[in-house]
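Enquirer: Okay, sequence plus prediction incoming.
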Amino acid sequence: MRVLAISAIMLNLLCAPTYAQKVDVSTVKCRDMATHSPEKNALILMWLQGYYSDEDASPIIDFDKMLKDEKKLVAYCEKNPDHSIITAADQVLDD
């Protein structure tokens, strides 16, 4: 069910008009994720997964892994709201 939801969000984002927005991921705190839209959080998570993947990794989007990573990231951020999202990702996106 969540895979369908993420797929729908991504499809909407691809079809939506583009806006001149920038997110400096290095400044995003865990607590900020609670105020972002689910769409923005999904994009940040996808960016993080790409950033933390191996250079020679296959060009595959693993939605099951994304959902597991999201749960780990949320759990970490709930316990550490003042940590940066990069610090959180360093802790949970290590595989």
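Expert: Looks like it arrived, so ask away.
Enquirer: State the pLDDT value of the most centrally placed residue in the chain.
Expert: Nearest to the geometric centre of the chain sits Leu45, at 1.0 Å (Cα atoms, centre = their mean). The model reports Leu45 with a pLDDT of 89.
Enquirer: distance of it from Lys71?
Expert: Here Leu45 is placed at a distance of 11 Å from Lys71 (Cβ to Cβ, to the nearest Å). In this view, the C-beta of every residue, glycine as well, is placed from N, C-alpha and C.
Enquirer: returning to what we had before: just checking, the residue nearest to the centre of the chain touches Glu70?
Expert: Yes. Counting by Cβ atoms under 8 Å, Glu70 is a contact partner of Leu45 at 5.7 Å.
Enquirer: low-confidence ranges in the protein?
Expert: For the chain, applying pLDDT under 70 flags the ranges 1-20, 94-95.
Enquirer: Would you map the helices across it?
Expert: Assigned by DSSP state H, the helices in the chain fall at 2-15, 30-33, 38-52, 63-79, 85-92.
Enquirer: Lys22: which of those is closest?
Expert: helix 38-52 (11.8 Å; Cβ to Cβ).
Enquirer: buried sites along that closest one?
Expert: Of all the residues in helix 38-52, those buried under the rule 16 or more other Cβ atoms under 10 Å are Lys40, Asn41, Ala42, Leu43, Ile44, Leu45, Leu48, Gln49, Tyr52.
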